[in-house]
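A.B. asks: Need coordinates for the following:
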Amino acid sequence: MLIIIIVTLATVIFAGILCFGPISGRWRRKRAVAFFHPYTNDGGGGERVLWCAVRAIQEEIPDLDCYVYTGDYHDATPQSLMARAVDRFGVKLLSAPKVVHLYKRKWIEETTYPRFTMIGQSLGSTLLAWEALCKLTPLYYFDTSGYAFTYPLARLFGCKVICYTHYPTISMDMLSRVRQHTLMYNNNASIAKSVWLSRCKIVYYTFFSCLYGIVGSCAHLAMVNSSWTQSHIEKIWRVPDRIKRVYPPCDTSGLQVLPLERSAEIPVLISVAQFRPEKAHVLQLEAFSAAIKRLDPSLPKPKFQVVGSCRNKSDEERLEMLKKKAIELNVNEHVEFYKNVTYRDLVGLLAGAVAGIHSMTDEHFGIVVVEYMAAGAIPIAHNSAGPKMDIVLDEDGQQTGFLACTVEEYADAMLRIVRMSEMERLKMAAAARRRARRFSEQKFYDDFKAAVHPILYHISR
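C.D. replies: Now for the predicted structure:
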């Protein structure tokens, strides 16, 4: 612990010096923008933002070279990444981005740090960024993965630092849960039950929050994806004039052409999320099981399609655990699992769903919730953060979906949708689709370009 404190204190001093007086590096900066995104195969909303950001920069300044720092060195080539952007997200890049392969990604793997994971990954990210910046020093360093501890280092190399922050690494909500001894994926039972350990964790979180505020304030421009994220980042980083809210790109145009009508023979509920612990898939299965048990015998039993991507072995193991959980709950005959599906296949699945399930607590925004709405699937989202504050709100006085927290609340919402008349469902689905237009891909491009324009043109022109 003492070593961690010494290292992090050094980081604070280092960051403070850089923020008040950037140091010119001895490295030659290339007239380029480089995106720091170590996992270019994660398949989530963050990857969609990456490819849309690359395209936006290509449109804004065509002669500016675009690079991607990636740790996927086995299968990441300019051509494969360009093809992936189209296949998985429907984003057509103007040209293939150049690739800088990173070989020290283990330093940001959560498995590398069984304890003090946040500080370990954060400091590990600086080692990975050192490798990246030594291989290529761009004029603009663009972080799309939330590694704020790399910003002072990029400043040291003389880069302009821009970031798109999907969620704060630490938030006031996290501190609150530790104080309240709330059991959660990032606050295990041994700590939640212990007053002494909880106090130690509060000290750790408070200390880390101070560090996070200092390094985050080194960004020249910070774009955030929601009202909830903006509120937390402004409180911690304390540079509100450099923080711009830019809602993430959601595939509303491609999904809105799908017909709102759905087959009434077997209602389909769908869940689209990476197989990560915070996505709370177990809660979804338990809620589906509870709904099945309470369903009227005269109504057909719905089908539950669980769609997601696996980043690593841990995610693969989590998927296998969920399959066993479905058997344990005796709903396996009504549950289908889909792993790493293509964008085209995902659209096909969304086209048949009457409802879309989302269950992550404090989901910073919730791109998938918007995609449900655009596709005509009524959302059942967690009653917190982005879905609550920005997305699942009434449109022209019409309800657009449901918010829930507990297994019972999710089960109630599932049953309400399954029991709806076709006219009632179409009315709500149409309102949800209208609401989704507020978060279109074009809206992202417009707001993104407006935010980065002053920085890009201040140097480039």
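
A.B. asks: Helix, strand, or coil at Gln115?
C.D. replies: Just to correct that, residue 115 is Arg rather than Gln. coil (DSSP: H, G, I helix; E, B strand; the rest coil).

A.B. asks: in the stretch 101-250 of the chain, which spans are helices?
C.D. replies: For the stretch 101-250 of the chain, the helices defined by DSSP state H, counting those that start in this stretch cover 117-135, 151-156, 172-179, 189-192, 195-216, 227-237.

A.B. asks: Can you spell out which helices and strands pack onto the fifth one?
C.D. replies: Contacts of helix 195-216 with other secondary structure elements, assessed using 3 or more Cβ pairs under 8 Å, 6 or more residues apart in numbering; DSSP states H and E, are made with helix 2-20, helix 117-135, helix 151-156, helix 172-179, helix 189-192, helix 227-237. C-betas here are computed from N, CA, C, even on glycine.

A.B. asks: average pLDDT across that helix?
C.D. replies: Per-residue pLDDT values over helix 195-216 give a mean of 82.

A.B. asks: quick one: buried residues of stretch 163-176?
C.D. replies: Cys163, Tyr164, Thr165, His166, Tyr167, Pro168, Thr169, Ile170, Ser171, Met174, Leu175 (16 or more other Cβ atoms under 10 Å).

A.B. asks: Of these, which one scores lowest on pLDDT?
C.D. replies: Scoring the buried residues of stretch 163-176 by pLDDT puts Leu175 last, at 65.

A.B. asks: For the residue in the chain sticking out farthest from the centre, pull up the helix or strand it's in.
C.D. replies: For the chain, the residue at maximal distance from the C-alpha centroid (Cα atoms, centre = their mean) is Ser298, at 39.8 Å. Here Ser298 sits in a region with no helix or strand, counting by DSSP states H and E.

A.B. asks: Quick check: Gln305 touching Ala353?
C.D. replies: Yes: proximity of Gln305 to Ala353 meets the contact threshold set by Cβ atoms under 8 Å, at 7.1 Å.

A.B. asks: what sits in contact with each of these two?
C.D. replies: Val268, Leu269, Ile270 (Cβ atoms under 8 Å, 6 or more residues apart in numbering).

A.B. asks: Out of those residues, which is nearest to Thr77?
C.D. replies: Ile270 (32.3 Å; Cβ to Cβ).

A.B. asks: Pull the distance from the host helix or strand of Lys449 to the chain's centre.
C.D. replies: Taking DSSP H and E as the definition, Lys449 sits inside helix 441-460. Remark: helix 441-460 is offset 21 Å from the chain centroid, using Cα atoms, centre = their mean, to the nearest Å.

A.B. asks: Nearest residue to Tyr147 in space, ignoring adjacent ones along the chain?
C.D. replies: Ser125 (4.0 Å; Cβ to Cβ, 6 or more residues apart in numbering).

A.B. asks: Could you name the helices and strands sitting against the helix holding Lys449?
C.D. replies: helix 45-60, strand 138-143, strand 160-165, strand 221-224, helix 252-256.

A.B. asks: His358 is nearest to which of those?
C.D. replies: helix 45-60 (11.6 Å).

A.B. asks: what's the angle from the next helix or strand after that closest one to helix 117-135?
C.D. replies: Downstream of helix 45-60, the next assigned helix or strand under DSSP H and E is strand 65-70. For strand 65-70 against helix 117-135, the angle by axes from the mean of the first three to the mean of the last three Cα atoms, to 10 degrees is 140 degrees.

A.B. asks: So Lys258 versus Pro302, what's the distance?
C.D. replies: Not quite, residue 258 is Leu, not Lys. 19 Å (Cβ to Cβ, to the nearest Å).

A.B. asks: meant to ask about Val215, not that
C.D. replies: Applying Cβ to Cβ to Val215 and Pro302 gives a distance of 47 Å.

A.B. asks: show me the contacts for Arg242.
C.D. replies: Ala219, His220, Leu221, Ala222.

A.B. asks: Give me the local confidence score for it.
C.D. replies: 97.

A.B. asks: The helix or strand hosting Arg433: which residues count as buried?
C.D. replies: Assessed by DSSP H and E, Arg433 sits inside helix 422-436. Across helix 422-436, burial judged by 16+ other Cβ under 10 Å covers Arg425, Met428, Ala429, Ala431, Ala432, Arg433, Arg434, Arg435, Ala436.

A.B. asks: Can you add distance to His453 and pLDDT and give the residues you listed back as TSV?
C.D. replies: Formatted as TSV, the buried residues of helix 422-436 follow (distance: Cβ to Cβ, whole Å; pLDDT from 0 to 100):
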residue	distance to His453	pLDDT
Arg425	43	96
Met428	38	98
Ala429	37	97
Ala431	34	98
Ala432	32	97
Arg433	31	96
Arg434	30	96
Arg435	28	96
Ala436	26	95
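
A.B. asks: where does Glu266 land in three-state SS?
C.D. replies: Let me fix one detail, which is that residue 266 is Ile and not Glu. coil.

A.B. asks: so it makes contact with Lys303?
C.D. replies: Yes: counting by Cβ under 8 Å, Ile266 does reach Lys303; the two are 5.5 Å apart.

A.B. asks: Between these two, which is the more surrounded one?
C.D. replies: Lys303 (17 against 11; other Cβ atoms under 10 Å).

A.B. asks: Could you check how far the more buried one is from Glu265?
C.D. replies: 10 Å.

A.B. asks: what's near enough to touch the closest residue to Trp130 other than its chain neighbours?
C.D. replies: The shortest distance from Trp130 to any non-neighbouring residue, by Cβ to Cβ, 6+ apart, is to Leu153 (6.3 Å). Residues in contact with Leu153, defined by Cβ under 8 Å, 6+ apart, are Thr126, Ala129, Trp130, Leu133.

A.B. asks: for those, which one is nearest Lys244?
C.D. replies: Out of those, the member with the shortest distance to Lys244 (by Cβ to Cβ) is Ala129, at 22.9 Å.

A.B. asks: got the contact list for the residue lying closest to that closest one once chain neighbours are set aside?
C.D. replies: With Cβ to Cβ, 6+ apart as the criterion, Ala129 has its nearest non-adjacent residue at 3.7 Å, and that residue is Thr150. Residues counted as contacts of Thr150 (Cβ under 8 Å, 6+ apart) are Phe36, Ser125, Thr126, Leu128, Ala129, Tyr141, Asp143.
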